[in-house]
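Trainee: sequence-free structure coming up:
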């Protein structure tokens, strides 16, 4: 397996809501350990792509492939997009590659398999308000993945500690600030041990002074080698963190390339206008 | 006043052995029915939805007393002969099911869509998400309206006296007929219903507080 083999491969993704076409044949490749930032004006389809990658939207056509074909011979992390939990002992079960073809009927089983491989961090956190922080994090691994509770709790506590929230493990979400809730949201996604992490405007709902803590956590994950797709309006963050930036408008990819190129020296007029406007706001 | 005190014992006994168990049993069964009907109503199947809608429409559109009479006096005509108690429990359960179904459906719909999505994201099926994520949150919202339903039910059990169930109001009727002290005994019955409902209101407040513990104020 070559190191650049994509963990995520999207081909020809299309989606309409009634008469409103939001995606027009999107292709997207995300190599293992790379970070792709999706930017663009609202209504451009970025969030719809992301939601399709977690089975929360069903595209009308196109396909999504997650994971590498065959099992990993190299790389301690195996097919897990993440670096593994504890320095990659290589004992994580490796999920086979999965392709969903939206041209045909997608079964609930396929959607479940997709969710085994990708995990999402929501714009509005969507933590479970009736559960404690720790319960929020372990609910999926224990109830759905049926992993041993003690092991999951130990991992969850380690992850919470990493984002500085271990002492809040017994608190309920309403007792946390937005930034803290979002860090719990990130830990909840990590605890599922996905191959692919999806972030839907993770800082858009946060007060400005809380944004940096969350971005810091995401940057660390990028440095650790997690494979991520991030929808964001934070251009400075995208430039620092993303390996590739994809600019979308009107349901198509207008421009894509290395972050520095797309954000500093955009070739397309629409990208230039968008970047200029956002930078101006800053 | 002697009659008040001497009738209080039998009437309280009627409440303890009739009114309260009748209300509790009917409410418990009714809630299960209501949950099933609510699930039909939120299902994406048009047929299931229609069945649920029809049930709610019939139950809410006909008097409880008529439902009670159909089951107790009507069903024997088609060969189903039920004793007063089972008749009453069936009628009240079905009735509660119709009203509470709408309460539960509304409560489920009041939980933000993002909660369903988060449930799905962590890998849960629709059923799992409903049970573990949505219903616990819907429960909180539905306590006040369901308490209303329960309090109404407690008072409605007096209708069971008309199909010969010996609950509290039937005791009152019997003592009143014997003593001719209608005003005293019916006011006494009213007082007992009121006290029961006061206790229930207090319980409702406590339950709301308990369920509110994870919500910001």
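Mentor: That came in fine, so what should we check first? This one's a predicted model, so the numbers in the text were calculated from it and none came from an experiment. Numbers count the residues shown, from 1 in each chain, chains lettered A, B, ... in the order given.
Trainee: Could you give the number of residues near residue B:84?
Mentor: 18 (other Cβ atoms under 10 Å in any protein chain shown). C-beta: built from backbone N, CA, C; applies to glycine.
Trainee: before we move on, what about residue A:29?
Mentor: Residue A:29: 17 surrounding residues under other Cβ under 10 Å.
Trainee: Now do the contacts for it.
Mentor: Residues in contact with residue A:29 (Cβ atoms under 8 Å, 6 or more residues apart in numbering or on different chains) are A:6, A:8, A:9, A:10.
Trainee: Mind doing that once more with 6 Å?
Mentor: Applying Cβ atoms under 6 Å, 6 or more residues apart in numbering or on different chains, we find residue A:29 in contact with A:6, A:9.
Trainee: did I read that right, it in a strand?
Mentor: Yes: the assignment for residue A:29 is a strand, going by DSSP: H, G, I helix; E, B strand; the rest coil.
Trainee: Who does it form a beta bridge with?
Mentor: residue A:9 (DSSP bridges).
Trainee: that's a helix at residue A:96, yeah?
Mentor: No: assigned with three-state DSSP, residue A:96 falls outside any helix and is coil.
Trainee: all helices of the stretch 151-282 of chain A, in order?
Mentor: Secondary structure of the stretch 151-282 of chain A (DSSP state H, counting those that start in this stretch): helices at A:178-191, A:208-224, A:235-241, A:259-264, A:269-281.
Trainee: err, chain B, not the other one
Mentor: B:2-14, B:20-42, B:46-61, B:64-69, B:84-110, B:113-121, B:126-129, B:135-156, B:168-179, B:182-211 (DSSP state H).
Trainee: Can you check which of those helices gets nearest to residue A:61?
Mentor: helix B:113-121 (22.0 Å; Cβ to Cβ).
Trainee: got any ranges where the chain has weak pLDDT?
Mentor: Went with chain A since none was named. Applying pLDDT under 70 to chain A picks out residues A:1-4, A:68-93, A:281-282.
Trainee: my question was about chain B
Mentor: B:1, B:214-217.
Trainee: same thing but 80
Mentor: B:1, B:212-217 (pLDDT under 80).
Trainee: and the nearest residue in space to residue B:40 that is not next to it in sequence, how many neighbours does it have?
Mentor: Closest residue in space to residue B:40, ignoring its immediate chain neighbours: residue B:52 at 3.3 Å, by Cβ to Cβ, 6 or more residues apart in numbering or on different chains. A total of 23 residues lie near residue B:52 under the criterion other Cβ under 10 Å.
Trainee: who's in contact with residue B:52?
Mentor: B:37, B:40, B:41 are the contacts of residue B:52 under Cβ under 6 Å, 6+ apart.
Trainee: Near the residue of the stretch 101-250 of chain A found nearest chain B, how many other residues are there?
Mentor: Using Cβ to the nearest Cβ, the point where the stretch 101-250 of chain A gets nearest to chain B is residue A:140, with a distance of 3.1 Å. As a burial measure, residue A:140 scores 24 neighbours (other Cβ under 10 Å).
Trainee: Go ahead and confirm it touches residue A:190.
Mentor: No: contact criterion Cβ atoms under 6 Å: residue A:140 and residue A:190 do not qualify, at 10.7 Å.
Trainee: Residue numbers of chain B in contact with chain A?
Mentor: Chain B comes close to chain A at residues B:114, B:117, B:118, B:121, B:122, B:123, B:124, B:133, B:136, B:137, B:214, B:216, as judged by Cβ under 6 Å from any Cβ of the partner chain.
Trainee: Same list, those residues, but as JSON lines with neighbour count please.
Mentor: Formatted as JSON lines, the residues of chain B next to chain A follow (neighbours: other Cβ atoms under 10 Å in any protein chain shown):
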{"residue": "B:114", "neighbour count": "15"}
{"residue": "B:117", "neighbour count": "17"}
{"residue": "B:118", "neighbour count": "26"}
{"residue": "B:121", "neighbour count": "28"}
{"residue": "B:122", "neighbour count": "27"}
{"residue": "B:123", "neighbour count": "22"}
{"residue": "B:124", "neighbour count": "22"}
{"residue": "B:133", "neighbour count": "24"}
{"residue": "B:136", "neighbour count": "16"}
{"residue": "B:137", "neighbour count": "21"}
{"residue": "B:214", "neighbour count": "18"}
{"residue": "B:216", "neighbour count": "9"}
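Trainee: who's in contact with the residue nearest the centre of chain A?
Mentor: Nearest residue to the geometric centre of chain A (Cα atoms, centre = their mean): residue A:198, 1.1 Å. With contacts taken as Cβ under 6 Å, 6+ apart, residue A:198 has the following neighbours: A:50, A:53, A:54, A:118, A:120, A:229.
Trainee: quick one: which of those residues is most hemmed in?
Mentor: residue A:120 (29 neighbours).
Trainee: Describe which strands the helix or strand containing that residue pairs with in its sheet and in which direction.
Mentor: According to DSSP states H and E, residue A:120 maps onto strand A:118-121. Here strand A:118-121 is paired, per DSSP bridges, with strand A:196-200 (parallel).
Trainee: can you list contacts of stretch A:157-165?
Mentor: A:166, A:169, A:183, A:187, A:190, A:217.
Trainee: buried stuff in that stretch?
Mentor: A:157, A:159, A:160, A:162, A:163, A:165 (16 or more other Cβ atoms under 10 Å in any protein chain shown).
Trainee: Count the neighbours of residue A:280 for me.
Mentor: 7.
Trainee: brain fart, residue A:166
Mentor: For residue A:166, using other Cβ under 10 Å, the count is 15.
Trainee: Run through the residues of chain A sitting next to chain B.
Mentor: Residues of chain A lying near chain B (Cβ under 6 Å from any Cβ): A:54, A:56, A:115, A:120, A:124, A:126, A:128-130, A:140, A:144, A:172, A:174.
Trainee: How is the closest residue to residue A:135 other than its chain neighbours assigned, secondary-structure-wise?
Mentor: Nearest non-adjacent residue to residue A:135, counting by Cβ to Cβ, 6+ apart: residue A:128, 7.5 Å away. Secondary structure assignment for residue A:128 (three-state DSSP): coil.
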